[in-house]
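J.: Here is a sequence together with a model predicted from it:
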Amino acid sequence: MSEANSPKESDDVDNTMSRPTFWWGIRVPNSFSQLASTPKSELLSALGCVSEGKGLSSAMVKRKQKTWGPNKLLNLKRADMSSLARAFAQIIPPLAIVRREGSQISIPSDELVPGDIVILKNGDQSPADIRLLKILESDFTVDQSALNSTDLEHIKKSTEPAQDDGKNGAPQNVVLLGMYITSGKAVGIVMSTGRNTLIGLKCEAEGLFEDPSTCCTIL
């Protein structure tokens, strides 16, 4: 596998947890659960973020882009593409609002990397798998029914470290790629991008990639 498909940036997130964890019915790498439950200060450090207010440095962004590649679901099958694959191919929104080197800017979503500080607000679609750091407006809710075909609409999210088992598709402090924000505003940190997101794992499980078995654990 190429470097972009085999991220090994840090040993700060341990992968020794033995109990399998399932989000949205998909078994996730242990690092997903650990990033959802790690204290905020340790999380920022593990993902190479200077601070919540400053975000990533330009040097760190370049390093991560080289390692992780673009935030895209690359190599989805095109021939006789299923409706599920078509939906996933369009699930990443075009733009994201991030904090980098202390400035809040809008960037193409495919330039996001793990560790980016992202602003999410009512009407947005999540551009990656994101751990919430701060709720800026009360009742921050998301609609994830489009992702799991259930009636779980307007799920209220919080910043508390994850303690649940992901029955609602993901822990309460995580917003998955493709979820729509239905109320409120929040600040979060990107946990995973592209084929390493939960959607990427879902596509892998459904056999929707031309080149399977390239999704990897975080960090």
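T.: In hand now; what should we look at?

J.: Can you name the residues in contact with stretch 46-63?
T.: The contact list for stretch 46-63 (CB atoms under 8 Å, 6 or more residues apart in numbering) reads 9-10, 12-13, 35, 38, 40, 44, 64, 98-102, 113-117, 133-134, 187, 189-191, 219. The way it works is simple: take the backbone N, C-alpha and C, and place the C-beta from them, glycine included.

J.: can you give me the end-to-end distance of stretch 188-208?
T.: For stretch 188-208, the first-to-last residue distance is 29 Å (CA to CA, to the nearest Å).

J.: if you count residues, which helix in this protein comes out on top?
T.: helix 58-68 (DSSP state H).

J.: And the average pLDDT for that one is what?
T.: In this model, helix 58-68 has a mean pLDDT of 94.

J.: Now stretch 103-113: average pLDDT?
T.: 96.

J.: Enumerate residues external to that stretch that contact any of its residues.
T.: 56, 61, 64-65, 68, 70-72, 92-99, 118-119, 127-128, 190, 193.

J.: any low-confidence regions in the protein?
T.: Scanning the chain for pLDDT under 70 picks out 1-26, 77-89, 146-153, 162-170, 212-219.

J.: Drop anything exposed from the contacts of stretch 103-113.
T.: 56, 61, 64-65, 68, 70-71, 92-93, 96-99, 118-119, 127-128, 190, 193 (16 or more other CB atoms under 10 Å).

J.: Helices - which of the contacts of stretch 103-113 land there?
T.: Going by DSSP H, the helices hold Val61, Lys64, Gln65, Trp68 from those.

J.: can you count the residues close to Ser145?
T.: For Ser145, the neighbour count with other CB atoms under 10 Å is 16.

J.: What separation is there between the most centrally placed residue in the chain and Val28?
T.: For the chain, the residue nearest the mean C-alpha position is Asp129 (1.3 Å; CA atoms, centre = their mean). According to CB to CB, to the nearest Å, Asp129 and Val28 sit 10 Å apart.

J.: quick one on the thing from earlier: from the contacts of stretch 103-113, which land in strands?
T.: Leu95, Ala96, Ile97, Val98, Arg99, Val118, Ile119, Val190 (DSSP state E).
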